[in-house]
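Asks: Next input, structure requested:
(2 chains)
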Amino acid sequence: MKRVLGRIAGMIPVLLGVTLLIFILLRVVPGDPVSILLGEHYSQETIDRLTRVMDLDKPLIQQFFSYVGNAVRGNLGESYTMKRPVTTLILQAFPSTVKLALMAAAIAWVIGILAGIIAAVRQNKLLDHLFMGMSLAGVSVPIFMTSLFLQYVLSFKLKLFPLTSDGRLISLILPAIALGWNSAGSIARMTRSGLIDVMQQDYIDTAKAKGLTKASVILKHALKNSMLPVVTMMAIQLSSMMSGAVITESIFSIPGIGRLATSAIQNRDMPLLQGTVLFTTIIVIIGNLAADLLYSVLDPRIRRAV
Amino acid sequence: MAKENLLEIRDLHTSFFTDHGVVRAVNGVDLDVPEGRIVGLVGESGCGKSMTARSVMGLIKSPGRIESGSIKLDGRELVGLSDRELRSVCGDDVSMIFQEPMTSLNPVLKVGRQVEEVLLVHHKASTKEEAKRLTVDMFERVGIPEAEKRMSAYPHELSGGLRQRVMIAMAMVCKPRLLIADEPTTALDVTIEAQILRLMKQLCKEHHMGILIITHNLGVVAEICDDVYVMYAGRIVENAPVFELFDHKRHPYTEGLMNAIPKIGGNPEFLSTIPGVVPNLLHVGDGCTFAGRCAHASDRCRAEMPALYEVAEHHTCRCFLAEREGQ
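Replies: Okay, here's the model as predicted:
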């Protein structure tokens, strides 16, 4: 428990660093938020007044610390374009992203791990080649291709699923497949290679010599040992999905974090962009922490060292 | 001496079909383990002794397989059994302990559970509680202190000696008729080695079981074996009861092995070795496989494989020198 708290405390400098970086980057890039807000044909007077109202005339360092101070209290500022608190916008968008991420992850893990196990057991046989070919396709075909293909075949031609998101769970199935397929490929490859490696270990011979069935040798003895790298990957994948699937959300018009970020970039909505990036960072850090903790559940040798 | 043979291996051929050719790792081995006796199988690394043992357990990995021959356990043929039939024998009637207690236990499972599992698989315990009780008993029998507490230890929390005791407990818990020990003490230091050997000897006596111990260490052989088989390049080259072998060794290879044991009071500057290396099993000719390293080798040795000649009662030797002596 103490270690977990220690790890959480370790997150603070990372978050500060990320905030500072995004803060600087957004001010270095050309383009001025005030003129974007106002559009064309405004007097210099109006511009100056708005700049003052938005605190953009204060020194950068002061802007930064007041931002951090507010952020700690949960106030990430107000979106320039949507005129609403960034925190509210993020919290509104997050459930859609979470639903999509969980469904995609479930698809990726079930398919990926099963395919990995089967491929490892049937090493160099037909099923292995088939699954590995499919997983290579999963890893290498870009998500937008899969998305468009699924949309075209399953929604447009076969009319099995809604074309875009309408809030119902069924409308999330296609984007979840598109998003999960990609991850399933890498999970399948990792499970397979991990399992093949573990099956060569001495303790697998011991398990066989005990008279265990092949299934129990794999499920009880080999799988847990081979899952360590896979679990890390799973946690990282989930946290990256949670932080918004930019492409998938755009293609299927899902009102999630990814879409929020894209619109913030398009509109040069600095508070919103800053907010989403910060939020994303927190999610990824939590994902990594979860992976480390899961490690110690799976491997007793790490338990003391976490 | 006319004891029932627990394990009877006849003309066993186990080969590996590699891309470079066929490696005959076990090439016509005959071997008996009688009830209540400890039989040693000795030889250098790569001579096929482990493969002989693994053949019994059905643990030959692809591309290897048993080509021909017979392995009988208590009169029951094991070669050609289905996976399922062999599984019901392994761990129950015959069990095996391996060389490396460090890597032979599953690192992520508690040792107690790893032993209980054998009991449950072979229906020697009907409930988990019963399995646990029997496992604690077994842990105590093999000399694991604080057996109850150790049940929930993970392998990395135990010393090498304790781990090998866990392995022995695992192998013994179903009271097998035959125990195969593949270099059980090689990875342990000498004091622990002596304890483990003593334990095996004691278990052999108590359970009236047969033990086949595979080793390259003649000290281990002298310590606990009743009978010895010396193996070289996939073949048995000499077989005798242990005292007979040490006193009247006939095969030049056995002699070389014995000379290679450093002696107290001997010349500390000079360690005797057998010249040359084990032949590449991919390319073995027709002659005696040891001819290339043998000081007594003749043209006949290089052209023809000697048979196993009986040189005394229960003592056979695969050498033309022994043939002459035998006559």
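
Asks: looking at chain A, which helix or strand is least sure?
Replies: Taking mean pLDDT, DSSP states H and E as the measure, helix A:33-38 is the helix or strand of chain A with the lowest mean score, a mean of 71.

Asks: From the contact counts, what lies against that helix?
Replies: Where contact means 3 or more C-beta pairs under 8 Å, 6 or more residues apart in numbering or on different chains; DSSP states H and E, helix A:33-38 is packed against helix A:44-53. Any C-beta I mention is one placed from the backbone N, CA and C, and that applies to glycine too.

Asks: buried stuff in the helix it packs on?
Replies: A:Leu50 (16 or more other C-beta atoms under 10 Å in any protein chain shown).

Asks: how far away is the most centrally placed residue in chain B from chain A?
Replies: Geometric centre of chain B, nearest residue: B:Ile214, 2.6 Å, by C-alpha atoms, centre = their mean. Counting by C-beta to the nearest C-beta, to the nearest Å, the separation of B:Ile214 from chain A is 14 Å.

Asks: Leaving aside the residues adjacent along the chain, what's closest to residue 132?
Replies: The chain I'm using is chain A. Of all residues not flanking A:Met132 in the chain, A:Ala119 sits nearest, at 5.9 Å (C-beta to C-beta, 6 or more residues apart in numbering or on different chains).

Asks: meant chain B, my bad for not saying
Replies: Leaving aside its sequence neighbours, B:Lys132 sits nearest to B:Glu116 (C-beta to C-beta, 6+ apart; 6.0 Å).

Asks: burial count for that neighbour?
Replies: Residues near B:Glu116, counting by other C-beta atoms under 10 Å in any protein chain shown, number 25.

Asks: ok, now which ones touch it?
Replies: By C-beta atoms under 8 Å, 6 or more residues apart in numbering or on different chains, B:Glu116 lies in contact with B:Ala125, B:Lys128, B:Ala131, B:Lys132, B:Thr135.

Asks: Check for me that it belongs to a helix.
Replies: Yes - counting by DSSP: H, G, I helix; E, B strand; the rest coil, B:Glu116 is found in a helix.

Asks: if we can go back for a sec, in TSV: the contacts of B:Glu116, plus neighbour count and pLDDT.
Replies: As requested, those are exported to TSV (neighbours: other C-beta atoms under 10 Å in any protein chain shown; pLDDT from 0 to 100):
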residue	neighbour count	pLDDT
B:Ala125	20	85
B:Lys128	12	92
B:Ala131	22	93
B:Lys132	18	94
B:Thr135	27	94
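
Asks: Look up phi and psi at B:Val23.
Replies: Phi and psi for B:Val23, reported as degrees, to the nearest 10, are phi -100, psi 120.

Asks: ok, so what distance separates it from chain A?
Replies: Distance, B:Val23 to chain A, by C-beta to the nearest C-beta: 19 Å.

Asks: can you pull up the bridge partners for that residue?
Replies: Taking DSSP bridges as the rule, B:Val23 bridges to B:Phe16.

Asks: Let me see the residues that make contact with stretch B:151-163.
Replies: With C-beta under 8 Å, 6+ apart as the contact definition, stretch B:151-163 has outside contacts at A:300-301, B:101-102, B:105-112, B:132, B:135-136, B:139, B:144, B:150, B:166, B:187-189, B:192, B:195-196.

Asks: Mark which of those residues are part of strands, please.
Replies: Nothing among the contacts of stretch B:151-163 maps onto strands, per DSSP state E.

Asks: Please, a ChimeraX command that selects the buried ones among these?
Replies: Applying 16+ other C-beta under 10 Å to the contacts of stretch B:151-163, the buried members can be selected in ChimeraX as follows:
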select /A:300 /B:101,105,106,107,108,109,110,111,112,132,135,136,139,144,150,166,187,188,192,195,196
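
Asks: returning to what we had before: state the distance from the residue nearest to A:Met132 to A:Val231.
Replies: 19 Å (C-beta to C-beta, to the nearest Å).

Asks: Quick check: residues of chain A near chain B?
Replies: With C-beta under 8 Å from any C-beta of the partner chain as the criterion, chain A meets chain B at residues A:201-203, A:205-214, A:216, A:220-221, A:224-225, A:298-301.

Asks: Filter those down to the buried ones.
Replies: Buried among these (16+ other C-beta under 10 Å): A:201-203, A:205-212, A:220-221, A:224-225, A:298-300.

Asks: residues from the stretch 1-150 of chain B in reach of chain A?
Replies: Residues of the stretch 1-150 of chain B lying near chain A by C-beta under 8 Å from any C-beta: B:57-59, B:83-84, B:87-92, B:95-96, B:98, B:100, B:103-109, B:117-118, B:121-122.
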